[in-house]
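S.K.: coordinates only, sequence not included:
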């Protein structure tokens, strides 16, 4: 019963992030990208170019392109990929069409730089929400994965190539200044996306070498309620066998931990490393509390 509830909770959480992420992506495109004719990559960028040629609005073009690529992905990448990507491939263009019909959505700002900044930040947030739960926004991402399967080069190579092709193609129809705004969007999107993907999972790792390791271990466990791992080490100069203290803690406990160690042993050797993601007991699983004497 508990397992079924956990699966349902994960499914509901994934569905929520996919819906909200696609809604936010559709909003920023309708509010900032389309009104200010900002250059961007993906099927949206292709749709913006074709919008001036075909008698179909951008949302309709994006939907057609996404469906074509989705079917191609089904044939090349398989059924499992199709099922995990179909939601965003259809949801985003439908929501974009809805957002474009909201009165006044394109007049939130007259400043193109401000529009580019908001577009980049919100795009990174939107894509991060979707990708964080293991889904994809579909579109050109499908093409990148197909090229990866055919040519066996890293996916990142094809991401850069397709983005360059789409953005470069739009440059022929826009002023050079528009291309610069597009670069602003791309840079901000990358920065925010990275932060969203790692939000709440980064921690600090402290490794302390001291002859008073038992006292440091005890105080970290009791005073800071931090998990501790002891490692066997050998000193380089004197070749003495002793133990090192390894501890992973939240960022807010860094100062208290280093002060505690130096209070016990002012000559302790301490290294501090930022860990991008931590999983396991006490972090992504419920902490077990034990009595420390």
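M.R.: Structure's in. What do you need? This is a predicted model, so every value here is computed, not measured.
S.K.: so who does the residue lying farthest from the centre of the chain touch?
M.R.: In the chain, the residue that sits farthest from the middle, by Cα atoms, centre = their mean, is residue 238; the gap is 45.8 Å. Residue 238 makes contact with no residue under the criterion Cβ atoms under 8 Å, 6 or more residues apart in numbering. No exception for glycine: its C-beta is placed from N, CA and C like everyone else's.
S.K.: which secondary element of this structure has the worst mean pLDDT?
M.R.: Lowest by mean pLDDT, DSSP states H and E among the helices and strands of the chain is helix 155-171, with a mean of 75.
S.K.: thinking again about what came up before, quick one, phi psi at the residue farthest from the centre of the chain?
M.R.: Phi and psi for residue 238, reported as degrees, to the nearest 10, are phi -90, psi -10.
S.K.: what does residue 103 give?
M.R.: Dihedral angles of residue 103 (phi, psi; degrees, to the nearest 10) stand at phi -60, psi 130.
S.K.: from residue 97, how far out is it?
M.R.: From residue 103 across to residue 97, the span is 15 Å (Cβ to Cβ, to the nearest Å).
S.K.: between these two, who's got more neighbours?
M.R.: residue 97 (17 against 6; other Cβ atoms under 10 Å).
S.K.: tell me the contacts of the more buried one?
M.R.: Contacts of residue 97 by Cβ under 8 Å, 6+ apart are 57, 59-60, 63.
S.K.: do you know how far the residue most central in space within the chain is from residue 123?
M.R.: For the chain, the residue nearest the mean C-alpha position is residue 197 (2.7 Å; Cα atoms, centre = their mean). Noted for residue 197: a distance of 14 Å to residue 123, by Cβ to Cβ.
S.K.: check residue 20 too.
M.R.: Distance from residue 20 to residue 123, by Cβ to Cβ: 14 Å.
S.K.: which positions within stretch 100-111 qualify as buried?
M.R.: 100, 106 (16 or more other Cβ atoms under 10 Å).
S.K.: what's that stretch in contact with?
M.R.: Against stretch 100-111 from outside (Cβ under 8 Å, 6+ apart): 27, 30-32, 34-35, 57-59, 99, 115, 118.
S.K.: what do you get if the cut-off is 7 Å, keeping everything else the same?
M.R.: For stretch 100-111, the external contacting residues (Cβ atoms under 7 Å, 6 or more residues apart in numbering) are 30-31, 34-35, 57, 59, 99, 115.
S.K.: out of these, list just those in helices.
M.R.: 59, 99, 115 (DSSP state H).
S.K.: hmm, which of the residues you listed is lowest in pLDDT?
M.R.: Confidence by pLDDT is poorest for residue 59 among the ones in helices among the contacts of stretch 100-111, given 83.
S.K.: ok, that one - contacts?
M.R.: 93, 96-97, 100.
S.K.: can you turn the buried part of the contacts of stretch 100-111 into a ChimeraX selection?
M.R.: This is how ChimeraX selects the buried members of the contacts of stretch 100-111, with burial counted by 16+ other Cβ under 10 Å:
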select :30,31,34,35,59,99,115
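S.K.: can the contacts of stretch 100-111 go into CSV with extra columns for distance to residue 87?
M.R.: Below are those laid out as CSV (distance: Cβ to Cβ, whole Å):
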residue, distance to residue 87
30, 20
31, 23
34, 23
35, 27
57, 22
59, 16
99, 17
115, 28
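S.K.: still on that earlier bit, residues making contact with the least confident helix or strand of the chain?
M.R.: By Cβ under 7 Å, 6+ apart, helix 155-171 touches 39, 41-42, 45-46, 48-49, 140, 143-145, 147-148, 179, 182.
S.K.: so which bits of the longest strand anywhere in the chain are buried?
M.R.: Assignment by DSSP state E gives strand 241-249 as the longest strand of the chain. Residues of strand 241-249 classed as buried: 243-249 (neighbour count, 16+ other Cβ under 10 Å).
S.K.: helices of the stretch 151-293 of the chain, start to end?
M.R.: 155-171, 176-198, 213-223, 254-264 (DSSP state H, counting those that start in this stretch).
S.K.: now do the second one against helix 155-171, angle only.
M.R.: Interaxial angle of helix 176-198 relative to helix 155-171 (axes from the mean of the first three to the mean of the last three Cα atoms, to 10 degrees): 150 degrees.
S.K.: can you lay out the buried residues of strand 241-249 as TSV showing pLDDT and distance to residue 161?
M.R.: Output for these, formatted as TSV (pLDDT from 0 to 100; distance: Cβ to Cβ, whole Å):
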residue	pLDDT	distance to residue 161
243	92	50
244	93	45
245	94	47
246	94	42
247	93	43
248	91	38
249	89	41
